[in-house]
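**Student:** Would you be able to build a 3D model of this:
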Amino acid sequence: MVRINMKQCIKLGFLCLLLFSGIYILVFVSTTFLSLHESGNASSSFVKTRYINESTHSTNVECVDSFTPKQMYPLLGLGTGGFSDEAAYDATMKALRLGYRLIDTSLSYKNERGIGRAIRDSNVPRDEIFILTKCCSTACSMSAQAIYSQLNDSLGRLGLDYVDGYLIHLPGEMGRSSQKLKSNLHNTEFVYKTCSQKWPDYARTNKERRIQSWLALEALKQEKRVKIIGVSNFKVKHLVDIIDVASSPPIINQIEWHPGFHDDELREFCSRHDIAIFAYSSLRRGKQAHNKSLRKIGAQYGVGDSEVSLRWAMQQGISVIPRTSNEKHLRLNIVASQFNLSSNDMKTICKLQESEKNCRYCSGFAEVD
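**Tutor:** Just a heads-up that it's a prediction; the model follows:
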């Protein structure tokens, strides 16, 4: 029988402790490195593969309902409103390299050429990218003839055969391109006479124009020139007009949505009708940084207030499209895919809403008849 004295026992125990400590440190370092690699790597899987209907982190909270639409869309994308062609090219190239696969634009942004060039130069397969653009952004643009013309323009600028999502940008005429028209929007006959000179099929009322525009989008979908059709800035009353006549109801409603403003009645209506919400102004144009509650919540997770705002929306199944051309910010936005807010934190953020003073456009859209 082999006898082991006390000194040998202590020595053996110490060696075992060193061995297990070394293994623990090795595993910890490897895991941390992998996490950092995924956070900053140009092919981040978090952006490419985390889709709305694959999200397993939805949290029921009082101000929203848990919602999972049937279609698949990336939860994080790039907004490009206000970018020139060159700026949009630069931002889109950076985003695609980092793994972003949702790019949002509009004919009215006048940057579709830059985005199309970035898509081609990126060498990312076309079927991996979700391109979302919009029509009906300016005066006299809500008619079937106008929409066909606008889609042709968008596809030509993008250099594509189809777009993945095509939205009606506004629920009605707001006179953006004509001060005279804007000052006479209350005069239905004036608006009709002005716009029908350009488009003979132009309808007399906003409701008629919404319906006419929607039927045009349905025809374009049938022609396979667009895959998914939807709307932007539509309130409940505007959606009802469409749903009442649509053979293909809206799939997307792109609206302003952030902790400072969220239209919960509209959200609930969209949820009941399987309409996905895409959020613009997710960061309130950078104003979230002034909110102490968001900073306090972010500190618990080791992230900033912007990542908290994005995660709050994404955790509800809402796609976010923050606009930035800054690579550091593009990387930080990806972090919103890498943690989960607790139910209590979600509820706290829901209660931060103050009033429509925090909403850039919503009051104006509500007034559209």
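**Student:** Pull the number of nearby residues for Lys227.
**Tutor:** By other CB atoms under 10 Å, the residues close to Lys227 number 15. C-beta coordinates here come from the backbone N, C-alpha and C atoms, glycine included.
**Student:** What residues of whichever strand or helix holds Ala91 count as buried?
**Tutor:** If you go by DSSP states H and E, Ala91 is part of helix 85-98. By neighbour count on 16 or more other CB atoms under 10 Å, the buried set for helix 85-98 is Asp85, Ala88, Tyr89, Asp90, Ala91, Thr92, Met93, Lys94, Ala95, Leu96, Arg97, Leu98.
**Student:** CA atoms only: put it into PDB for me.
**Tutor:** Provided in PDB are the C-alpha atoms of helix 85-98 (Å, rounded to 0.1, in the frame of the first residue of the first chain):
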ATOM      1  CA  ASP A  85     -25.300  59.900 -53.200                       C
ATOM      2  CA  GLU A  86     -21.700  59.900 -52.000                       C
ATOM      3  CA  ALA A  87     -22.500  59.800 -48.300                       C
ATOM      4  CA  ALA A  88     -25.100  57.000 -48.900                       C
ATOM      5  CA  TYR A  89     -22.500  55.000 -50.900                       C
ATOM      6  CA  ASP A  90     -20.000  55.400 -48.100                       C
ATOM      7  CA  ALA A  91     -22.500  54.500 -45.300                       C
ATOM      8  CA  THR A  92     -23.900  51.500 -47.300                       C
ATOM      9  CA  MET A  93     -20.500  50.100 -48.100                       C
ATOM     10  CA  LYS A  94     -19.500  50.300 -44.400                       C
ATOM     11  CA  ALA A  95     -22.800  48.800 -43.200                       C
ATOM     12  CA  LEU A  96     -22.700  45.900 -45.700                       C
ATOM     13  CA  ARG A  97     -19.100  45.100 -44.700                       C
ATOM     14  CA  LEU A  98     -20.200  44.900 -41.100                       C
END
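**Student:** which outside residues touch whichever helix or strand comes after that helix?
**Tutor:** Sequence-wise, the next helix or strand downstream of helix 85-98 (DSSP H and E) is strand 102-104. Applying CB atoms under 8 Å, 6 or more residues apart in numbering, the external contacts of strand 102-104 come out as 73-74, 76-81, 92, 95-96, 115, 119, 129-133, 254, 278, 280, 319, 321.
**Student:** Pull out the buried positions in strand 102-104.
**Tutor:** Residues of strand 102-104 classed as buried: Leu102, Ile103, Asp104 (neighbour count, 16+ other CB under 10 Å).
**Student:** for the stretch 201-350 of the chain, what are the low-confidence residue spans?
**Tutor:** Residues of the stretch 201-350 of the chain meeting the criterion pLDDT under 70: 285-290.
**Student:** And the helices in it, which stretches?
**Tutor:** 206-222, 236-243, 264-272, 292-301, 305-314, 327-334, 343-350 (DSSP state H, counting those that start in this stretch).
**Student:** Go through those helices and pick out the most buried.
**Tutor:** Most buried of the helices of the stretch 201-350 of the chain by mean neighbour count (mean count of other CB atoms under 10 Å) is helix 305-314; its value is a mean of 25.
**Student:** Take that helix, keep the C-alpha atoms, and write them as PDB.
**Tutor:** Taking Å, rounded to 0.1, in the frame of the first residue of the first chain, the C-alpha atoms of helix 305-314 are listed here in PDB:
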ATOM      1  CA  ASP A 305     -28.300  54.800 -23.900                       C
ATOM      2  CA  SER A 306     -28.500  54.500 -27.700                       C
ATOM      3  CA  GLU A 307     -28.000  50.700 -27.600                       C
ATOM      4  CA  VAL A 308     -30.700  50.600 -24.900                       C
ATOM      5  CA  SER A 309     -33.200  52.500 -27.100                       C
ATOM      6  CA  LEU A 310     -32.500  50.300 -30.100                       C
ATOM      7  CA  ARG A 311     -32.800  47.100 -28.000                       C
ATOM      8  CA  TRP A 312     -36.000  48.300 -26.500                       C
ATOM      9  CA  ALA A 313     -37.600  48.400 -30.000                       C
ATOM     10  CA  MET A 314     -35.900  45.300 -31.300                       C
END
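**Student:** So what's the residue count around Glu223?
**Tutor:** Using other CB under 10 Å, Glu223 has 11 other residues around it.
**Student:** Distance-wise, check it relative to Ser122.
**Tutor:** With distances taken as CB to CB, to the nearest Å, Glu223 is found 27 Å from Ser122.
**Student:** do the same with Ile211
**Tutor:** Relative to Ser122, Ile211 is positioned 38 Å away (criterion: CB to CB).
**Student:** just Lys207 next, same as before
**Tutor:** Distance from Lys207 to Ser122, counting by CB to CB: 41 Å.
**Student:** same question, Arg209
**Tutor:** Remark: distance between Arg209 and Ser122 (CB to CB) = 37 Å.
**Student:** How about stretch 125-139, which residues are buried there?
**Tutor:** Neighbour counts over stretch 125-139 (16+ other CB under 10 Å) mark Ile129, Phe130, Ile131, Leu132, Thr133, Lys134, Cys135, Cys136, Ser137, Thr138, Ala139 as buried.
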